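> Could you work out the structure for the sequence below:
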Amino acid sequence: MRSRIWLLALLLINSCISSSSVGTHPLENVELIGGPGRGVGRFFQPRAIEWLPQQQCIVIDRSGRAQRFDSAGELKDVWMLPEWSAGHPIDLCGTPEGTLLVADTHYMRIIEFDLDGTELRRFGEDVGLELVRGIDIAADGSILVASYGEFDRVFRFDRQGNLMKIWGERGDGTGQFLRPEGLAIDVDGTILVVDCGHHRVLRFTLDGEYLQTIGSPGRAAGQFDTPFDIDVVGDGSFVVVDKSGCRVQRFGADGSLVAVVGGTGRGAGLLSEPRGVAVSRSGSVPRMLIADTGNHRVVASAIPGEAR
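Here you go, the predicted model:
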């Protein structure tokens, strides 16, 4: 009888180990950009972040300031958003034409800039956008935008900024939203939306047909605690930044967990309330940028799960 009890206990222990076998490790191959402050080259709560050609990056912080850095982390340019006192942008994305689409969150619009900060156009101000969150551009040129407020929805615009479709709704059911945040277009053309309030990621077609749920609320590996942003790696996998969990998790194309990195702290491999993530799709070595918001800095690191 005693041997059976020990055998049962051993099976339970092994089951627990296998279900949480992916542990959290500090970020690897870390380079730090900026630091606390409002001077040029410094950050006050960085939020929106994106890679640019030639391994450059652009960061927008809570002061409404966009700063562009070269591949060595040296400041190249600074410009201000046209308005920012009501709130700062949450996300931005590059376009095939080499411009930037900025989710001007609290002004409920999208603004397109060139890399020097010259405004090219704005759109979305009269179609029902509320707080504008994640933004990305699909292979066909259409622009997908997450928005929340009284309604939680995804807006699809054509490349000229004309509204094509609105889909999604607030609720607790399958495929419904509670504060959609970041979004990204996957390599297969589907859209991944960070459903922040439900602590999960949802996958849809570009027209809004629900396909998949990834993750659930919690702090265990593969779960989320206030997920905020997402980006695709290029092989079908994707990374999600977890604000309250202070970590980045990588998932495979099927939604299975690949790796977890981060942890709470001020050290080079640790994070504090990160809110943005961007993956480089150019260069010989894949890299990841994290808006380490609570530490007022940007972290460049290896992508979790990549071979060392």
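> Does Gly262 touch Ser272 like I think?
No. Using Cβ atoms under 8 Å, Gly262 makes no contact with Ser272, being 9.9 Å away. Any C-beta I mention is one placed from the backbone N, CA and C, and that applies to glycine too.
> Now do the shared contacts for these two.
Cys246 (Cβ atoms under 8 Å, 6 or more residues apart in numbering).
> Quick one: residues contacting the residue nearest to Gly34 when sequence neighbours are not counted.
In space, and not counting its chain neighbours, Gly34 is closest to Phe43: 4.6 Å by Cβ to Cβ, 6 or more residues apart in numbering. Neighbouring residues of Phe43 by Cβ under 8 Å, 6+ apart: 34-37, 59, 61, 67, 296-298.
> returning to what we had before: please say which of Gly262 and Ser272 ends up with more neighbours.
Neighbours were counted for Gly262 and for Ser272 using other Cβ atoms under 10 Å; Gly262 has more, 26 against 16.
> Can you give me the distance of the nearest residue to the more buried one once chain neighbours are set aside to Thr105?
Leaving out its chain neighbours, the residue that sits closest to Gly262 by Cβ to Cβ, 6+ apart is Arg247, at 3.3 Å. Arg247 sits 24 Å away from Thr105, going by Cβ to Cβ, to the nearest Å.
> thinking again about what came up before, can you list phi and psi of the residue nearest to Gly262 for me?
phi -160, psi 170 (degrees, to the nearest 10).
> More neighbours: which of Arg247 and Thr105?
Taking other Cβ under 10 Å, Arg247 and Thr105 do not tie; Arg247 has more neighbours (27 against 23).
> Just list the residues touching that one, thanks.
Contacts of Arg247 by Cβ under 8 Å, 6+ apart are 24, 241, 260-263, 271.
> make it 7 Å
24, 260-263, 271 (Cβ atoms under 7 Å, 6 or more residues apart in numbering).
> cool, and Gln176?
169-170.
> likewise Gln212?
Counting by Cβ under 7 Å, 6+ apart, Gln212 makes contact with 203, 255.
> ditto for Gly222
So Gly222 contacts 215, 249, 257 (Cβ under 7 Å, 6+ apart).
> Neighbour-wise, which one of the residues you listed leads?
Gln249 (28 neighbours).
> That one is in contact with Ser237, isn't it?
No. The pair Gln249 / Ser237 is not scored as a contact, 10.6 Å apart, by Cβ atoms under 7 Å.
> What distance do you get for the spatially closest residue to Glu169 that is not a sequence neighbour to Val127?
What sits nearest to Glu169 in space, not counting adjacent residues and going by Cβ to Cβ, 6+ apart, is Gln176, at 5.7 Å. Relative to Val127, Gln176 is positioned 21 Å away (Cβ to Cβ).
> now swap in Asp70 and tell me
37 Å.
> secondary structure class for Val59?
Following DSSP: H, G, I helix; E, B strand; the rest coil, the label given to Val59 is strand.
> Double-check it against Ile49; I have them as touching.
Yes. Counting by Cβ under 7 Å, Ile49 is a contact partner of Val59 at 5.1 Å.
> Which of the helices or strands spans the residue positioned nearest the centre of the chain?
Central residue of the chain (Cα atoms, centre = their mean): Asp229, 2.2 Å from the mean position. Applying DSSP states H and E as the criterion places Asp229 in strand 227-232.
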